[in-house]
Each structure stands twice: as structure tokens, then as C-alpha cells.
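# Just to be clear, the model below is a prediction. Sequence and coordinates:
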Amino acid sequence: MGFFDSEIVQQEAKQLFGDYQSLVQLGSEYGKFDREGKKLYIEQMEAVMERYRIFMKRFELSEDFTAKMTVEQLKTHLGQFGMTPDQMFSQMNVTLERMKSQIEP
């Protein structure tokens, strides 16, 4: 059975990407959030990014050809911006830390 043939993987991917898209859409209103709303948004984004990091690691560790191709496609896509997947996660972490520092008293 291939990596993407797993119902669990499909469900997890759908949930993860749905959660991420919802947060991105919600983030367009970030400036209107009160302090607690901003903290909650950052916490939820950190949780989604950690889930995404784990999901990507599973791709990397898989022997499945399709999973390996997905990792290579991501690397190619990010490479167009001069970035690796690790740098992407690191940059997102820096951004979230900056957001945290702006709301702390």
C-alpha cells in the first residue's frame, strides 16, 4: 500500500491543510484581535506548524515513491525562493516569536 493510499494519512493531510488554510484566512484579521485573541492565534499556528513538521518528516522517512516525490517537489518549490524546508519552518518560527514579542507587556 502506498503512502497516500492510507486512509489515516489522507484524513490527517486533509485536516492539517484545512486547519492551516483556516488560520491563514483568520490571520487577515489579526490586527483586529485583542491581546488574548492574538495569543490564541499564535498558539494555534504553532500547533499547526508542529503538526506540519511531523507530517513532512513522515514523508521524508517513507520508502514510498510518491512520498519521496512530494518531498522533492516541496524542495524544488521552496528552492525557487532560495529556501529549504528546514529554513521554511525556522522562518515561520522566527515570525511567530516576533509576533509573540509584540503582544507581551
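Cool, the structure landed. Numbering: from 1, shown residues only.

# Output the below-cut-off pLDDT ranges for the chain.
Per-residue confidence for the chain (pLDDT under 70) gives these ranges: 1, 105.

# try 80
1-4, 104-105 (pLDDT under 80).

# which residues in it form helices?
Along the chain, the segments classed as helices by DSSP state H run 7-27, 35-61, 65-79, 85-103.

# Let me have the ones you listed in a markdown table, extended by mean neighbour count.
(Glycine included, C-beta is placed from N, CA and C.) Converted to a markdown table, the helices of the chain look like this (neighbours: other Cβ atoms under 10 Å):
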| stretch | mean neighbour count |
| --- | --- |
| helix 7-27 | 12 |
| helix 35-61 | 15 |
| helix 65-79 | 13 |
| helix 85-103 | 13 |
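
# okay, which residue is most central for this protein?
Residue closest to the average C-alpha location in the chain (Cα atoms, centre = their mean): residue 49, at 3.7 Å.

# give me every residue that touches that residue.
Residues in contact with residue 49 (Cβ atoms under 8 Å, 6 or more residues apart in numbering) are 89, 92, 93, 96.
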